[in-house]
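>>> Need a 3D model of the sequence below.
(chains A and B)
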2 protein chains.
Amino acid sequence: MTDQPRVEFRTAPERYRHWRLAIDGPVATLTMDVDEQGGIVPGYELKLNSYDLGVDIELYDAVQRLRFEHPEVRTVVLTSGKPKIFCAGANIRMLAASPHGWKVNFCKFTNETRNGIEDATAHSGQTYLAAVNGTASGGGYELALACEHIMLIDDRSSAVSLPELPLLGVLPGTGGLTRVSDKRHVRRDLADYFSTKAEGVGGKKAVQWRLVDEAVPRPRWDETVAERAAELAARSSRPQDAEGIVLTELRKTRDDGTITYHHVEARLDRDASKVEITVKGPPTDPPAGIDQAREQGAAFWPLAVTRELDDLVLDLRTNETELGTWVFRTQGDPARVLAYDELLLNNKENWFANEVLHYLKRALRRLDVTSRSLIAVIEPGSCFAGSLLELALAADRSFQLAGVFEDQGPAADSNSGEPATITLGDMNLGPLTMSNGLTRLQTRFWGDESGYETAAKRKNEALEAEDAADLGLITFAPDDIDWDEEIRIATEERASFSPDALTGLEANYRFAGPETMETKIFGRLSAWQNWIFNRPNASGPDGALRRFGTGQRAVFDRKRV
Amino acid sequence: MTDQPRVEFRTAPERYRHWRLAIDGPVATLTMDVDEQGGIVPGYELKLNSYDLGVDIELYDAVQRLRFEHPEVRTVVLTSGKPKIFCAGANIRMLAASPHGWKVNFCKFTNETRNGIEDATAHSGQTYLAAVNGTASGGGYELALACEHIMLIDDRSSAVSLPELPLLGVLPGTGGLTRVSDKRHVRRDLADYFSTKAEGVGGKKAVQWRLVDEAVPRPRWDETVAERAAELAARSSRPQDAEGIVLTELRKTRDDGTITYHHVEARLDRDASKVEITVKGPPTDPPAGIDQAREQGAAFWPLAVTRELDDLVLDLRTNETELGTWVFRTQGDPARVLAYDELLLNNKENWFANEVLHYLKRALRRLDVTSRSLIAVIEPGSCFAGSLLELALAADRSFQLAGVFEDQGPAADSNSGEPATITLGDMNLGPLTMSNGLTRLQTRFWGDESGYETAAKRKNEALEAEDAADLGLITFAPDDIDWDEEIRIATEERASFSPDALTGLEANYRFAGPETMETKIFGRLSAWQNWIFNRPNASGPDGALRRFGTGQRAVFDRKRV
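Okay, here's the model as predicted:
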């Protein structure tokens, strides 16, 4: 499993191997029925509804499609198609055989998908209901934890459990510990006990300890699930008669050196360990209204560009781990970007605009937790305005050209002849929160309210480099003479540093200020998990993860660290 | 450096090798002048005012003594006795040669000491002023960051820097990243740039970027430091004429199997990988008033028991890494514990009572971040009340005997003949906050306000096991028949688990709810740092930490994780 095949994140329900999606009016049922032979890489069988990255890619696709293609759906029942087992979590053989980076990236993606489930519940009126019709262990229980309401079948054998620690010597890797304590408010000592009992807890005790919301005897199961689904649906504000759009297959050309979509292009520079990403602004003015936007469907620019960016981030994160720096450029008309933003923000109450906004928010959050150095390069002809300015605000550093390129003075073509500008818009002042609950602008000015106010007042003004630098909106503003050299040094230097230390640095600096369950999962829990994954006690030849299922006990270095 | 000598944390100013403490009325000056030959273990020289655990043990001692022995001190000037260099941070050769666990434990202790400096500033009216009279790099700058006000000498060569990432491939390990962003509010992109520039930033730019508070030219240095110290002293609420107490040498007997103090005893059970700790309640009733308490000085029970506990935690953490479970018992009269608590709480405004309370708070916080499983065993004759109940609330699990031991019925001695009780007191309802800003009781009931209210209403009531269990204050309440077996299983099972996974589990479950700078340092930053420390890119034979100073560049696996 050292030579991973290139992973593809695009899929569609008709190609699912592991999930069935059935829709009955306001209630969708998403049934997990994992194909044992359907592992994304060879070498293991996906027994007992255990999952790997491939299974989760389908889940992510289903969650996305439900939001865009099925506005009528108000409750999503997540259940199992196997008897007696809901889901056994991440496949252990897959984890044991995977290199460190694969495990970490896999956990990150699964975390994002579970956060997406909570996001749908919180912001789309699509509430997830876990109908745990058999044992849910490890990642299986964590999947249930991402749902708003957890029903456990009460049959004297089904239980929920987090057996990672006692069986595998690692932690639950998909937010389990954080959700047990901070979402479900399980008392810490009970949580501690629960997380050391491989067999888990079922029935009334699981309810009493808040691990699940209700335990339902088998005879009343189907009827109670339907009842609960209907109740949750009734609470939703989803429109009754809206028509969904189709998330058509994303068009993408991929070879070893480039990844090309309609609005996004990436050039992979293996010699310099970096990727040059260009995002193009809208090719046309926005449609007249939100209904016309919905009619454009997947071609509507904000949705199209978000889908492309989302796929690119996932592709690069998984398939191009040695390209440690991503350089972002934009190209196009800032006014058009702002016009699209305005259309969306003026129609926030519309289900479709709402979905596009939240999707953009989630895609940008993926960037924030991406273990790559992000650099924004703001040149003449770019359109870092409003929603696209978020790319610069998400970057670890940004460079904006002061003045113009001398060899492309005002006489050159109209785009590149004017100095580069950035423009703050309403999109930067609220809707696109990071996982810490703040906007990128608020996070940037954390603890500096007057700096924030001063910058925000300049909304809708095209700011040239010196102004932008004075306002603290960009990092550096070199002129034509220094431009190439400064950017070259910044990227070369970045490529010379320890990739691990950069990952840690970025994970800390990107999240100033408050913490949420989401930042705790990515910052605290994942960091500990990564550490544990990397220790011989888990991943060494005699470690628990490698010894699991061999009949041999793990050998531990008993020293506490 | 594999066979570490046993580390002793007790010291006193007359034995310092690395610091000078001078007191001039309300201003104390703490001068770092590290003895190059004074490393705590052989194998490296402490050049350029770099430090190791031994240097920091003295700093901790000085910070403690200033609070208790010198109530007249209102400003502490932290400065260097070496020309041109303030402090070069943790010694690299020491780090490179240290086993993983030593590095992690060292960082934990240095972090606690810096948190203690901030605690003195916030709660004792002893404000720390960093007089950075030469370059402060890495841990040197982090030490300054713990101070309330940072002055940097402006001499065209002195700078502050965090060169860990570019030079060593690790992170600043003592809170640097968190304080730069969350305390000093340095903008994230400037912080990113700063943390990659090995040579750092000095002069006006350091002020502009908020890295320091002022840059002062050499000719005006002494005078400006004195001025600032006087200003900070004037803001203090410390008493003018109070008399300090002497922190007399802690009496301690230590052999391979036991550690014995006056009020605390520890039995090291190497076969079972655990330590049995017994804390004894007050041997006498409290003194009549707080003045009499102060006259008792270091013998005043709450102070004495806190010092002993504090030393024990440090000793065990550093010297007994294979003893993974600590079992806490108490012995004594709960009413007396509560009476001492009351004396302290009734005199919160008194400087001495204030110091004892905050010291107890800090000592308990050490427990919270200790990477050992903590179990409280509540038996007849114990005194888990008020301040000592915090030990049970800090534990990962607690067991309280329901009823009495059958072979020690009411006819046996008076202590053990009555059922075990626990008692909530005012000490559990406010003053002893954890590093997340909540009390242990609030953290326990995080998200369950009615549970909290119900329990808090039973304040001052001696609660037997069943009541305590119903209220959610203990984990399990076995009776005599199951008692030994349940506790044996719990501790044996704990000893069989992966120590790393337990550390991660405990670090996550102990801190439900909000995060603070302190929890971010211990939870997020430290977890990342531990991961990085453990990676070949830092600590492998070709890693940056090992290659530093050899003239050879580190070889990195470039894959991002």
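
>>> How about residue A:487, nearest residue that isn't a chain neighbour?
Distances taken as CB to CB, 6 or more residues apart in numbering or on different chains place residue A:399 nearest to residue A:487, at 5.8 Å, with adjacent residues excluded. In short, each C-beta sits where N, CA and C put it, glycine included.

>>> Looks to me like that neighbour is in a strand.
Yes: according to DSSP: H, G, I helix; E, B strand; the rest coil, residue A:399 belongs to a strand.

>>> Would you agree it is in contact with residue A:476?
Yes: contact status for residue A:399 versus residue A:476: in contact at 5.1 Å, counting by CB atoms under 8 Å.

>>> Who has more neighbours out of the two?
residue A:399 (25 against 19; other CB atoms under 10 Å in any protein chain shown).

>>> Need the pLDDT of the more buried one.
We have a pLDDT of 98 for residue A:399.

>>> about what we covered before: the residue nearest to residue A:487: what's it in contact with?
A:375-378, A:474-478, A:483, A:486-487, A:490 (CB atoms under 8 Å, 6 or more residues apart in numbering or on different chains).

>>> again, but for residue A:187
Contact analysis of residue A:187 by CB under 8 Å, 6+ apart lists A:209, B:444, B:445, B:448, B:472.

>>> what's the closest of these to residue B:90?
residue B:444 (35.4 Å; CB to CB).

>>> hang on, the closest one packs against residue A:186?
No: using CB under 8 Å, residue B:444 is not in contact with residue A:186; the gap is 11.0 Å.

>>> Give me the more crowded residue out of these two.
A count of neighbours by other CB under 10 Å puts residue A:186 above the other of residue B:444 and residue A:186, at 25 against 19.

>>> picking that back up, shared neighbours, residue A:399 and residue A:476?
residue A:486.

>>> List phi and psi for residue A:510.
phi -70, psi -10 (degrees, to the nearest 10).

>>> Tell me the first helix or strand C-terminal of the helix or strand hosting residue A:493.
Using DSSP states H and E, residue A:493 sits in helix A:480-496. Counting by DSSP H and E, the next helix or strand C-terminal to helix A:480-496 is helix A:499-509.

>>> So which elements touch the next helix or strand after that next one?
Sequence order places helix A:517-519 as the next helix or strand after helix A:499-509, per DSSP H and E. Here helix A:517-519 touches no other helix or strand, going by 3 or more CB pairs under 8 Å, 6 or more residues apart in numbering or on different chains; DSSP states H and E.

>>> Show me where the stretch 51-200 of chain A dips below the pLDDT cut-off.
For the stretch 51-200 of chain A, not a single residue meets the criterion pLDDT under 70.

>>> cool, and chain A?
Checking chain A against pLDDT under 70 turns up A:1-4, A:408-416.

>>> one step back: counting neighbours, which of the contacts of residue A:399 end up buried?
A:375, A:376, A:377, A:378, A:474, A:475, A:476, A:477, A:478, A:483, A:487, A:490 (16 or more other CB atoms under 10 Å in any protein chain shown).

>>> Help me confirm that the second one is found in a strand?
Just to be clear, that refers to residue A:376. Yes: under three-state DSSP, residue A:376 falls within a strand.

>>> Tell me the spacing between it and residue A:468.
Computed as CB to CB, to the nearest Å, the residue A:376 to residue A:468 distance reads 11 Å.

>>> Same check on the first one?
Residue A:375 sits at a distance of 16 Å from residue A:468 (criterion: CB to CB).

>>> picking up where we left off before, who wins on neighbours among the contacts of residue A:187?
Within these, neighbour counts (other CB under 10 Å) peak at residue B:445, which reaches 26 neighbours.

>>> Stretch A:457-476 and chain B, any residue contact?
Yes: interface with chain B: stretch A:457-476 contributes A:472, A:474, A:475 (CB under 8 Å from any CB of the partner chain).

>>> So what's the residue count around whichever residue of the stretch 301-450 of chain A sits closest to chain B?
Closest contact between the stretch 301-450 of chain A and chain B, by CB to the nearest CB, is at residue A:447 (3.2 Å). Residue A:447 has 16 neighbours, counted by other CB under 10 Å.

>>> now swap in residue A:252 and tell me
For residue A:252, the count of nearby residues is 17 (other CB under 10 Å).

>>> can you confirm the residue of the stretch 301-450 of chain A closest to chain B is in a helix?
No: counting by three-state DSSP, residue A:447 is not found in a helix; it is coil.

>>> Contact partners for the nearest residue to it once chain neighbours are set aside?
Closest residue in space to residue A:447, ignoring its immediate chain neighbours: residue B:185 at 3.2 Å, by CB to CB, 6+ apart. Counting by CB under 8 Å, 6+ apart, residue B:185 touches A:446, A:447, A:448, A:512, B:210.

>>> Secondary structure element holding residue B:185?
Using DSSP H and E, residue B:185 maps to neither a helix nor a strand.

>>> just residue A:225 next, same as before
Applying DSSP H and E, one finds residue A:225 within helix A:221-234.

>>> again with residue A:282
Using DSSP H and E, residue A:282 sits within no helix or strand.

>>> Against residue A:300, how distant is it?
Per CB to CB, residue A:282 is found 10 Å from residue A:300.

>>> of these two, who's got more company?
Per other CB under 10 Å, whichever of residue A:282 and residue A:300 has more neighbours is residue A:300, with 25 against 21.

>>> Now do the contacts for that one.
Listed by CB under 8 Å, 6+ apart, the contact set of residue A:300 reads A:287, A:293, A:294, A:356.

>>> Outside of stretch A:532-550 itself, which residues are in contact with it?
A:92-93, A:95-96, A:100, A:103-104, A:167-171, A:553-557, B:498-501, B:504, B:531, B:534-535.

>>> would you put the C-alpha positions of the helix or strand containing residue A:122 in CSV?
Here residue A:122 sits within helix A:100-123, counting by DSSP H and E. Extracted C-alpha coordinates of helix A:100-123, given in CSV (Å, rounded to 0.1, in the frame of the first residue of the first chain):
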residue,chain,number,x,y,z
HIS,A,100,1.1,7.7,8.4
GLY,A,101,0.1,10.4,5.9
TRP,A,102,-2.7,8.4,4.4
LYS,A,103,-4.2,7.7,7.8
VAL,A,104,-4.0,11.4,8.7
ASN,A,105,-5.5,12.6,5.4
PHE,A,106,-8.2,9.9,5.6
CYS,A,107,-9.2,11.1,9.1
LYS,A,108,-9.3,14.7,8.0
PHE,A,109,-11.7,13.9,5.1
THR,A,110,-14.0,11.8,7.2
ASN,A,111,-14.0,14.5,9.8
GLU,A,112,-15.0,17.1,7.2
THR,A,113,-17.8,14.9,6.0
ARG,A,114,-19.2,14.5,9.5
ASN,A,115,-18.9,18.2,10.0
GLY,A,116,-20.8,18.6,6.8
ILE,A,117,-23.6,16.4,8.2
GLU,A,118,-23.8,18.7,11.2
ASP,A,119,-23.8,21.7,8.9
ALA,A,120,-26.7,20.3,6.9
THR,A,121,-28.6,19.8,10.1
ALA,A,122,-27.8,23.3,11.4
HIS,A,123,-28.1,25.3,8.2
